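> Task: produce atomic coordinates for the following.
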Amino acid sequence: SFPVDRLRDPVLYASLGTLFKADPRLLRGFAGALAPLGGTVIVSTGHTDPAALGPLPANVIAHRSVPQPEVLARAALFITHGGVNSVNEALYAGVPMLVVPQGADQMLVASRVVELDASLSIRTEDVDVEGVRALAQRLLDEPRFRAAVSTLQVAQRQAGGYSRAADELERYLQQAGRVTQPGAADLPPQG
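Numbers count the residues shown, from 1 in each chain. Below you'll find the model as predicted:
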């Protein structure tokens, strides 16, 4: 089980998702960048064996599986691949992000949350320990990121969540069921 009782603030969390095997050097770089910032650093390794990261600083916890919503509820910062679910969970928890897109729609997601001041972004090929640490420090120190994420958090919570989404889908399906196909009498004359 995950050692939630070992977490010290600030909690700094890094995960590149669970669908792909992340490069251990990249994950180790995140750990090395965040560890000097204090608190507890959590690295979710997904399909990557945590042992592949090698020796890590004492304040770093590396696990294959992390209870992400619980960790985000405590986190001050989230390094993410920019998957839609991860970004939405971070916004719901009010956590600024450093987005490191890995593929698919993640560049688009990264661009949007940067535009909204909820995150900064860096390309994988540009990642180095000093650069990630500097970006993470900005996200922790500059109030505009926390303010933007707080605004988005309130909006997301007021939107009604999955319950409202289910209600809207049901309403749509009911309305769609009432729509009839045009009959021959309703079609314009051909000619």
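> Distance from the chain centre to the helix or strand bottoming out on mean pLDDT in the chain, please.
Across the helices and strands of the chain, mean confidence by mean pLDDT, DSSP states H and E is lowest for helix 161-178: a mean of 84. Using Cα atoms, centre = their mean, to the nearest Å, the mean C-alpha position of helix 161-178 is found 27 Å from that of the whole chain.
> shift numbering so it begins at 20
With the count now opening at 20, the last piece we talked about shows up as helix 180-197.
> so is Tyr32 in a helix, a strand, or just coil?
For Tyr32, the secondary structure call by DSSP: H, G, I helix; E, B strand; the rest coil comes out as strand.
> So it is in contact with Phe97, correct?
Yes - here Tyr32 lies in contact with Phe97, judged by Cβ atoms under 8 Å, at a distance of 5.0 Å. Backbone N, C-alpha and C define where each C-beta goes, glycine included.
> how close does Pro115 sit to Asn104?
Distance of Pro115 to Asn104, computed by Cβ to Cβ, to the nearest Å: 17 Å.
> In terms of neighbours, single out the busier of these two.
Neighbours were counted for Pro115 and for Asn104 using other Cβ atoms under 10 Å; Pro115 has more, 27 against 11.
> Need phi/psi at that one.
With angles defined as degrees, to the nearest 10, Pro115 sits at phi -60, psi 150.
> Run through the residues that contact it.
Pro115 makes contact with 95-97, 109, 137-138, 158-159, 164-165, 167-168 under the criterion Cβ atoms under 8 Å, 6 or more residues apart in numbering.
> let's see it at 10 Å
When contacts are counted by Cβ atoms under 10 Å, 6 or more residues apart in numbering, Pro115 is found next to 94-97, 109, 132, 136-139, 155, 157-159, 161, 163-169.
> Filter those residues down to the buried ones.
Buried subset of these (neighbour count, 16 or more other Cβ atoms under 10 Å): 94-97, 109, 132, 136-139, 155, 158-159, 164-165, 167-168.
> before we move on, which element is Ala52 in?
Ala52 is part of helix 43-53, with elements assigned from DSSP states H and E.
> Would you mind getting the angle between the helix or strand following that helix and strand 30-34?
Next along the chain after helix 43-53, taking DSSP H and E as the criterion, comes strand 59-63. Calculated by axes from the mean of the first three to the mean of the last three Cα atoms, to 10 degrees, strand 59-63 forms an angle of 10 degrees with strand 30-34.
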